[in-house]
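Peer 1: Next one to model:
(2 chains)
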Number of protein chains: 2
Amino acid sequence: MNFLEERIVRDGIVKEGNVLKVDSFLNHQMDIALFEKIGEEFKRRFEGKPINKILTIEASGIGIACIAAQHFKAPVVFAKKAKSISLEGEMLVAEVESFTHKCKNQVIVAKKFLTEKDRVLIIDDFLANGCALQGLIQIVQHAGAVVEGVGIVIEKGFQPGGTIIRNLGYQLESLAIVESMDSGTGEIRFRPQDR
Amino acid sequence: MNFLEERIVRDGIVKEGNVLKVDSFLNHQMDIALFEKIGEEFKRRFEGKPINKILTIEASGIGIACIAAQHFKAPVVFAKKAKSISLEGEMLVAEVESFTHKCKNQVIVAKKFLTEKDRVLIIDDFLANGCALQGLIQIVQHAGAVVEGVGIVIEKGFQPGGTIIRNLGYQLESLAIVESMDSGTGEIRFRPQDR
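Peer 2: Okay, the predicted model is just below:
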């Protein structure tokens, strides 16, 4: 197990309905020393890529993206989520449908912060069905920018998001991929990773 | 002018209705090198305080708080905003009314992440009327924790939030305090600061 998988086993809580609670260190309370390790690992996995911008989505992606950005010497842009907003100024908007929740959401970035010069690393805390991520990719493409890679902290390997993104040819690096969880025993199994 | 005031003058845009747009470096696109300087300055201003937790509020406070937290070796907790949510687990909730928008919002933190052992530094990007900040202070007090200080990046000195918080006896450190802005000329005047 890598440092993150060890932490998930130690402090993650498996709840019914395939819910993994990691709010004590990842997405409500945030362990900054852990984020520094996560940032280093993203840097290692995307070494050599000409990344000049980090894109994430509010709210829980922001902290991870900001700490990781220190290794890439790149600014972070965070997309906003909205049910529907009145657009002020020129915006890049992707409409994404939640497969599970059957609701539509907008993912929004101001046009001026993503241009055709940008080589983008997308960072987020979780990947499950990948709806938000699909919206972020759509926005990068609308901007004429390039997705250099996608860095995810925890992927739920038993949901389709990861497969979809890899099928589309993107370099997706998930630092921990949960293969299965058991809310009865609390057991968490991870997909083995080469590196 | 300090480093932040210089940056605001260079890249901030004054709009009608006393709106200061700093979304190119602070709260949509985020300049991480600038955040590092902001974090260092918060560390200097709160030197010697026994801070063991940083509290902020989604979304635009999170990045600043995470970078600043590297100097305090403390975890960050971010409060969630909601119109009204179904509470799962034990939550600390403050209801705050927006003076300008005449609407009520909830500020929410899971109880387990703020306890009577915590000595809290509250960090946020903007302070205007201070409604969100009042909610954060209320939550810290509900938890039996102590507010050691409040660190704000930009205070609108012509709105009442800063005065209220200082009147209540808190150490409020705003790295830039805007005294007045002119959307016609684009001029921004700052309150002089000793340190």
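
Peer 1: Spell out whether stretch A:36-46 and chain B are in contact.
Peer 2: Yes. Judged by Cβ under 8 Å from any Cβ of the partner chain, stretch A:36-46 comes into contact with chain B through residue A:36. C-beta: built from backbone N, CA, C; applies to glycine.

Peer 1: From the rest of the structure, what touches that stretch?
Peer 2: If you take Cβ atoms under 8 Å, 6 or more residues apart in numbering or on different chains as the criterion, stretch A:36-46 is touched by A:2-4, A:64, A:67-72, A:121, A:123, A:148-149, A:151, A:153, A:171, A:173, A:175, A:195, B:70.

Peer 1: Quick one: name the residues of chain A near chain B.
Peer 2: If contacts are counted using Cβ under 8 Å from any Cβ, the residues of chain A sitting beside chain B are A:23-25, A:28-33, A:35-36, A:58-59, A:62-63, A:65-67, A:69-70, A:73-78, A:80, A:109-110, A:112-113.

Peer 1: Pull out the buried members of the contacts of stretch A:36-46.
Peer 2: Burial of these was assessed by neighbour count (16 or more other Cβ atoms under 10 Å in any protein chain shown); the buried members are A:4, A:64, A:67-72, A:121, A:123, A:148-149, A:151, A:153, A:173, A:175, B:70.

Peer 1: can you list the weak-confidence ranges in chain A?
Peer 2: Within chain A, the ranges that satisfy pLDDT under 70 run A:83-89, A:99-102, A:195.

Peer 1: residue ranges for the helices of it, please.
Peer 2: Residue ranges of the helices in chain A, as given by DSSP state H, are A:3-11, A:32-45, A:61-72, A:131-142, A:161-167.

Peer 1: Quick check: which of those helices is buried the most?
Peer 2: Per-residue neighbour counts averaged over each of these give the maximum for helix A:61-72, namely a mean of 26 (mean count of other Cβ atoms under 10 Å in any protein chain shown).

Peer 1: Now that one - C-alpha only, CSV.
Peer 2: Extracted as CSV, the C-alpha positions of helix A:61-72 are listed here (Å, rounded to 0.1, in the frame of the first residue of the first chain):
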residue,chain,number,x,y,z
GLY,A,61,-10.6,20.0,-5.1
ILE,A,62,-9.2,23.5,-4.3
GLY,A,63,-6.9,22.7,-1.4
ILE,A,64,-5.3,19.7,-3.1
ALA,A,65,-4.9,21.7,-6.3
CYS,A,66,-3.3,24.7,-4.6
ILE,A,67,-0.7,22.6,-2.7
ALA,A,68,0.0,20.5,-5.8
ALA,A,69,0.5,23.7,-7.9
GLN,A,70,3.5,24.6,-5.8
HIS,A,71,5.3,21.7,-7.6
PHE,A,72,4.2,22.8,-11.1
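
Peer 1: Hmm, residue A:178 and residue A:158 touching each other?
Peer 2: Yes. Between residue A:158 and residue A:178 there is a contact under Cβ atoms under 8 Å: 7.3 Å.

Peer 1: more neighbours, those two?
Peer 2: When residue A:158 and residue A:178 are compared on other Cβ atoms under 10 Å in any protein chain shown, the one with more neighbours turns out to be residue A:178, at 23 against 15.

Peer 1: Is that one bridged to anything, and to what?
Peer 2: Applying DSSP bridges to residue A:178 gives these bridge partners: residue A:156, residue A:190.

Peer 1: The residue nearest to residue A:115 when sequence neighbours are not counted and residue A:53, how far apart?
Peer 2: Nearest non-adjacent residue to residue A:115, counting by Cβ to Cβ, 6 or more residues apart in numbering or on different chains: residue A:143, 6.1 Å away. Note on residue A:143: its distance to residue A:53, by Cβ to Cβ, to the nearest Å, is 10 Å.

Peer 1: Which neighbours do these two have in common?
Peer 2: Overlap between the neighbourhoods of residue A:143 and residue A:53 consists of A:114, A:118, taking contacts as Cβ under 8 Å, 6+ apart.

Peer 1: more neighbours, those two?
Peer 2: Per other Cβ under 10 Å, whichever of residue A:143 and residue A:53 has more neighbours is residue A:53, with 23 against 20.

Peer 1: who touches that one in this structure?
Peer 2: Going by Cβ under 8 Å, 6+ apart, residue A:53 touches A:74, A:75, A:76, A:77, A:114, A:118, A:119, A:120, A:121, A:145.

Peer 1: Show me what the fourth one bridges to in the sheet.
Peer 2: The one in question is residue A:77. Following DSSP bridges, residue A:77 is listed with bridge partners residue A:55, residue B:29.

Peer 1: Do I have it right that it meets residue A:114?
Peer 2: Yes. Taking Cβ under 8 Å as the definition, residue A:77 is a contact partner of residue A:114 at 6.6 Å.

Peer 1: any common contacting residues for the two?
Peer 2: Listed as contacting both residue A:77 and residue A:114 by Cβ under 8 Å, 6+ apart are A:53, A:55.

Peer 1: for residue A:77, what are its contacts?
Peer 2: With contacts taken as Cβ under 8 Å, 6+ apart, residue A:77 has the following neighbours: A:53, A:54, A:55, A:56, A:109, A:113, A:114, B:28, B:29, B:30.

Peer 1: again but with residue A:193, I slipped
Peer 2: When the contact criterion is Cβ under 8 Å, 6+ apart, the partners of residue A:193 are A:2, A:177.

Peer 1: what about it, distance to chain B?
Peer 2: Counting by Cβ to the nearest Cβ, to the nearest Å, the separation of residue A:193 from chain B is 26 Å.

Peer 1: residue nearest the centroid of chain A?
Peer 2: Against the mean C-alpha coordinate of chain A, by Cα atoms, centre = their mean, the closest residue is residue A:124 at 1.9 Å.

Peer 1: Please tell me how far it sits from residue B:132.
Peer 2: From residue A:124 over to residue B:132 the distance is 25 Å, taken as Cβ to Cβ.

Peer 1: check contacts around the spatially closest residue to residue A:162 that is not a sequence neighbour.
Peer 2: Leaving out its chain neighbours, the residue that sits closest to residue A:162 by Cβ to Cβ, 6+ apart is residue A:155, at 4.8 Å. Under the criterion of Cβ under 8 Å, 6+ apart, the contact list for residue A:155 reads A:126, A:127, A:128, A:161, A:162, A:172, A:174, A:176, A:177, A:178.
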